[in-house]
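In: My questions are about this predicted structure, shown below with the sequence.
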Amino acid sequence: MTPGETLRRQEQALQNCRKCKLCEGRTNVVFGSGNPTAEFVVIGEGPGADEDAQGLPFVGRAGQLLTKMLASVNLSRETDAYITNAVLCRPPGNRNPEADELAACAPFLADKLSVIQPKVILSLGSVATQALLRTKEAIGKLRGRVHPFGDAVLIPTFHPAFLLRNPGPEYKRMAWEDLKLARREYDKRKTR
Ligand code: URA
């Protein structure tokens, strides 16, 4: 089976998932999108209203900014990356996913990563980054560094929704540094 086929099976198996309370309000399980053999994976927090409606990650305003952020370091979200979230169902009112919800979804993310086998993971914002690195440290402290993550490295940066809410030049500059760092790591580590 190809990685794409394996991911499709995983996605089908989750259609009726009831492992956490987020199932109650969701329209769609937002499994992920992009290239199943990409060595660059982006992990956000969880679907918003647009994503829940369409069943695809990062298709709203934050998604448009993410697309531009990736393009700024010459990465196409369709062909160079695979994009998913720490939780696959929309938290009501766009609240942060809770610890039990992140824990319920963690094995699905692990399964996906074991199929894709990324070399670089870009984690967006504190919720996803703290869950992945199992830390409570603030995103401002975690970003700007390369964190070992299994066979990959994880590079945290600000969530694009945060950047939209805080349009000042200082966060933009830091996000740009993070993207360049992710690109350099990707160039060093990619095999495909
Ligand atoms: N924010 C996220 O964290 N993920 C999405 O898919 C959309 C917005």
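Out: Good, I have the coordinates.

In: ok, how many other residues are close to P167?
Out: Neighbours of P167 under the rule other CB atoms under 10 Å: 8. The C-beta positions use only the backbone N, C-alpha and C, and glycine is treated the same way.

In: What of K19?
Out: 16.

In: in a strand, that's where it is, yeah?
Out: No: K19: not assigned to a strand; according to DSSP: H, G, I helix; E, B strand; the rest coil it is coil.

In: How about it: what's its closest non-neighbour residue?
Out: Counting by CB to CB, 6 or more residues apart in numbering, K19 lies nearest to A104, which is 4.3 Å off, once chain neighbours are set aside.

In: Phi, psi for the residue of the chain found nearest the ligand please.
Out: Closest approach of the chain to the ligand (CB to the nearest ligand atom) occurs at G44, with a separation of 3.0 Å. Backbone torsions for G44, taken as degrees, to the nearest 10, come to phi -100, psi -160.

In: list the contacts for it?
Out: P57, F58, A62, L66, I83, T84, N85, A86, L124, G125, A128, H159 (CB atoms under 8 Å, 6 or more residues apart in numbering).

In: Okay, helices next: where are they in this structure?
Out: Taking DSSP state H, the helices of the chain run over residues 3-13, 49-54, 61-72, 99-116, 125-133, 139-142, 160-165, 169-189.

In: Now mean pLDDT, mean neighbour count and distance to S33 too, for these, in a markdown table please.
Out: Output for those, formatted as a markdown table (pLDDT from 0 to 100; neighbours: other CB atoms under 10 Å; distance: least, CB to CB, whole Å):
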| stretch | mean pLDDT | mean neighbour count | distance to S33 |
| --- | --- | --- | --- |
| helix 3-13 | 98 | 14 | 10 |
| helix 49-54 | 98 | 18 | 10 |
| helix 61-72 | 98 | 18 | 10 |
| helix 99-116 | 98 | 17 | 12 |
| helix 125-133 | 98 | 22 | 16 |
| helix 139-142 | 97 | 16 | 24 |
| helix 160-165 | 98 | 17 | 16 |
| helix 169-189 | 98 | 16 | 19 |
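
In: Tell me which of those sits nearest to C23.
Out: Closest to C23 of the helices of the chain is helix 99-116 (CB to CB; 9.5 Å).

In: Would you mind naming what in this protein lies close to the ligand?
Out: 44-48, 51, 57-58, 60, 62-63, 85, 161 (CB under 6 Å from any ligand atom).
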